[in-house]
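# 3D model of this:
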Amino acid sequence: MKVLLTHGYFLGEDVKEQRIMRPYPPLGILYLAAYLKARGQRADVFDTTFSSPAALERRLLDERPDVIGIYTNLMTKLNVLRIMRFIRARPELASSRIVLGGPEVTHHADRFLEHGADVIVIGEGEETLHALVAAWAAGGRDAPLGDIPGIAWRDSGGNVARTPPRPLLRSLDDLPEPARDALDLQPYLTAWRAHHGSNAVSVSTMRGCPYTCRWCSRAVYGGSYRRRAPRLVADEIAHIAERYRPDSLWFVDDVFTINHRWLEALTVELEARGLRVPYECITRADRLDERSVALLKRSGCFRVWIGAESGSQAVLDAMDRRVTVEQVRDMIHLCKRHGIGTGTFIMLGYPGETAADIEATIEHLKRADPDQFTITVSYPIKGTPFYDDVVNDIVNPAPWEQSTDRDTQLRRPHSSWYYWFATTRVVSEVRAFKLARATNGAAQPLAAARQRVKAMLGRAGMRLDPALRLLEAGARRVADYRARS
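This next block holds a predicted model:
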């Protein structure tokens, strides 16, 4: 059978990422391609990142695949719907089966089936996709699917049918390395180097996360924690280093240092091979200590991202983060003492957050002093405890097929503008503090002054929130009136 895997992310349409320019290849479908190949089924990959919708459409029409597998996440949902509309509108592709997988489909399976998908893969995809392709190869388009765990589809009566969940793979060691040779990695390496002076290749060593942060989606792997053997991870790193010679690696794992014995075994394995490729990773403050940080340094880690989310303990507790502000701060300092760069993540607008909590976050960032930090404004993802907490506070939901969870508007105590000003305030005040401290307030007075002015504007905007809320409410009423009329 002809199988084509794609993912519907187009860098040319992502203005924000064009500024950041840190694209990574779609590891998920590369694992699928490798798994099918290892079992005798060819699967081609159309990587859309540096391509265009028109090029994908031409490929589909030229190849007319029997199975079109599309990885679907929150960012790509609207593009995936657009791709399905194209497929369903073309007679040449009438016999193609559309299979969707990924985190976005789990809690929207009925909707995606309604909009053109033939089968939804819920959970881990390798075994399920292989079973689907084998069933269609043996029994044709109308082959029975009821014995395949982990899917949703429409039965012969047009009703949505589901099979029981598929058990997760017991051992990730049974998976082949992702089929990086199925796409051209060079555009990624070139884009990184052109914008940052160095490049990176992404690697996955684990699946799942056993922690319970209320805003985090577990739509694919649940609360599992499974990991590949250090020997196999070292094999993959060696293959990457030999073929692509990257400047660094990016471990995409949710909590890289979750198991200190595994980290030590990987470190020893890398040292025994004389293999040292600089890398960065993500972890939690409560999974760091002197021993693990020393191992990170030994094994080549040059930057570690430590989840913080807030400088307010009350907000962290509401998120069920199960860490303290002091832990985060201490571990950032510990990593810096070991010569490892640090980054952290901040989330504003979580339910219950107050202006005092935002002040605490600013103070935390000043005291923790990470080298980098990013800020997002919270939004609920369907299927998470956070979504369940606020589902009754969702206002003016847009049509499902025209929106994503990022567009969800909540009945909040503040206007959306408030969080724009709050973000400006946090970023600018911390930058001003860093500039002033790094130069004793003398060498870059203009740069620090500009940041202080931005911080003042952010503070002023936050104080104007009552008026902004009135304006926003008025605009909403006008939009509602126009929609009804």
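# Show me where the stretch 201-350 of the chain has its helices.
Applying DSSP state H, counting those that start in this stretch to the stretch 201-350 of the chain gives helices spanning 230-244, 260-273, 290-299, 313-319, 325-337.
# Return the first one as PDB; C-alpha atoms alone will do.
Only the C-alpha atoms of helix 230-244 are listed here, as PDB (Å, rounded to 0.1, in the frame of the first residue of the first chain):
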ATOM      1  CA  PRO A 230      21.000   4.600  27.700                       C
ATOM      2  CA  ARG A 231      22.900   2.400  25.200                       C
ATOM      3  CA  LEU A 232      20.300   2.900  22.500                       C
ATOM      4  CA  VAL A 233      20.100   6.600  23.200                       C
ATOM      5  CA  ALA A 234      23.900   6.800  22.800                       C
ATOM      6  CA  ASP A 235      23.700   4.800  19.600                       C
ATOM      7  CA  GLU A 236      21.200   7.400  18.200                       C
ATOM      8  CA  ILE A 237      23.400  10.300  19.300                       C
ATOM      9  CA  ALA A 238      26.400   8.700  17.600                       C
ATOM     10  CA  HIS A 239      24.400   8.200  14.400                       C
ATOM     11  CA  ILE A 240      23.300  11.800  14.400                       C
ATOM     12  CA  ALA A 241      26.800  13.100  15.200                       C
ATOM     13  CA  GLU A 242      28.300  11.100  12.300                       C
ATOM     14  CA  ARG A 243      25.700  11.900   9.700                       C
ATOM     15  CA  TYR A 244      24.600  15.500  10.500                       C
END
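# and the angle from that helix to helix 260-273?
Angle, helix 230-244 to helix 260-273, by axes from the mean of the first three to the mean of the last three CA atoms, to 10 degrees: 50 degrees.
# domain assignment for the protein?
Here the domain parsing of the chain from automatic domain parsing is 3-162, 198-378.
# packing partners for the longest helix along the chain?
What stands out as the longest helix in the chain, according to DSSP state H, is helix 416-438. With contacts taken as 3 or more CB pairs under 8 Å, 6 or more residues apart in numbering; DSSP states H and E, helix 416-438 sits against strand 341-348, helix 355-368, strand 372-377, helix 445-463, helix 465-484. C-beta: built from backbone N, CA, C; applies to glycine.
# Quick one, which of those gets closest to L249.
Set against L249 and scored by CB to CB, the helices and strands packed on helix 416-438 come closest in strand 341-348, at 14.5 Å.
# For A467, the count of nearby residues, please.
Neighbourhood size, A467 [other CB atoms under 10 Å]: 11.
# ok, now A182?
Using other CB under 10 Å, A182 has 20 neighbouring residues.
# Now for it: which residues touch it?
A182 makes contact with L30, A33, A34, A43, D44, V45, according to CB atoms under 8 Å, 6 or more residues apart in numbering.
# if I look at the first one, how far off is F10?
Pointing back at L30 there. 18 Å (CB to CB, to the nearest Å).
# Can you add distance to S403 and mean pLDDT and give the domains of the chain back as TSV?
Below are the domains of the chain laid out as TSV (distance: least, CB to CB, whole Å; pLDDT from 0 to 100):
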stretch	distance to S403	mean pLDDT
domain 3-162	8	96
domain 198-378	16	97
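# would a markdown table of the ones you listed with mean neighbour count be doable?
Output for the domains of the chain, formatted as a markdown table (neighbours: other CB atoms under 10 Å):
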| stretch | mean neighbour count |
| --- | --- |
| domain 3-162 | 18 |
| domain 198-378 | 18 |
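# Turn those domains into a markdown table, columns for distance to L470.
Compiled in a markdown table, the domains of the chain are given as follows (distance: least, CB to CB, whole Å):
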| stretch | distance to L470 |
| --- | --- |
| domain 3-162 | 30 |
| domain 198-378 | 19 |
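# And those domains: which comes nearest D405?
domain 3-162 (5.8 Å).
# Can you tell me the closest non-neighbouring residue to R59?
F46 (5.3 Å; CB to CB, 6 or more residues apart in numbering).
# Also W417?
L468 (4.6 Å).
# What score does that neighbour have for pLDDT?
Confidence at L468, expressed as pLDDT, is 88.
# Alpha carbons only: can I get stretch 83-94 in PDB?
The C-alpha coordinates for stretch 83-94 follow below in PDB (Å, rounded to 0.1, in the frame of the first residue of the first chain):
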ATOM      1  CA  ILE A  83      -6.000  19.500   4.000                       C
ATOM      2  CA  MET A  84      -8.900  17.200   4.600                       C
ATOM      3  CA  ARG A  85     -11.300  19.500   2.800                       C
ATOM      4  CA  PHE A  86      -9.000  19.500  -0.200                       C
ATOM      5  CA  ILE A  87      -8.700  15.700  -0.200                       C
ATOM      6  CA  ARG A  88     -12.500  15.200   0.100                       C
ATOM      7  CA  ALA A  89     -13.100  17.600  -2.700                       C
ATOM      8  CA  ARG A  90     -10.900  15.800  -5.300                       C
ATOM      9  CA  PRO A  91     -12.300  12.800  -7.100                       C
ATOM     10  CA  GLU A  92      -8.700  11.600  -7.700                       C
ATOM     11  CA  LEU A  93      -8.300  11.000  -4.000                       C
ATOM     12  CA  ALA A  94     -11.700   9.400  -3.300                       C
END
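# which other residues reach that stretch?
6, 8, 53, 56-57, 60-61, 64, 68, 70, 96, 98, 115-117.
# And for stretch 429-440?
362, 365-366, 369, 373, 444, 447-449, 451-452, 455, 458.
# and if we set it to 10 Å?
Under the criterion CB atoms under 10 Å, 6 or more residues apart in numbering, residues 346, 359, 361-371, 373, 375, 441-456, 458-459 lie in contact with stretch 429-440.
# so who does the residue nearest to W417 touch?
Contacts of L468 by CB under 10 Å, 6+ apart are H414, S415, S416, W417, Y418, W420, F421, G461, M462.
# let's see 7 Å
S415, W417, Y418 (CB atoms under 7 Å, 6 or more residues apart in numbering).
# from memory D47 sits against L183, does it?
Yes - between D47 and L183 a contact is recorded at 4.1 Å, counting by CB atoms under 7 Å.
# Pull up the overlap in contacts between those two.
By the contact definition CB under 7 Å, 6+ apart, D47 and L183 are jointly contacted by P25.
# helix or strand right after the host helix or strand of L30?
Taking DSSP states H and E as the definition, L30 sits inside helix 27-38. Using DSSP H and E, the next helix or strand after helix 27-38 towards the C-terminus is strand 43-45.
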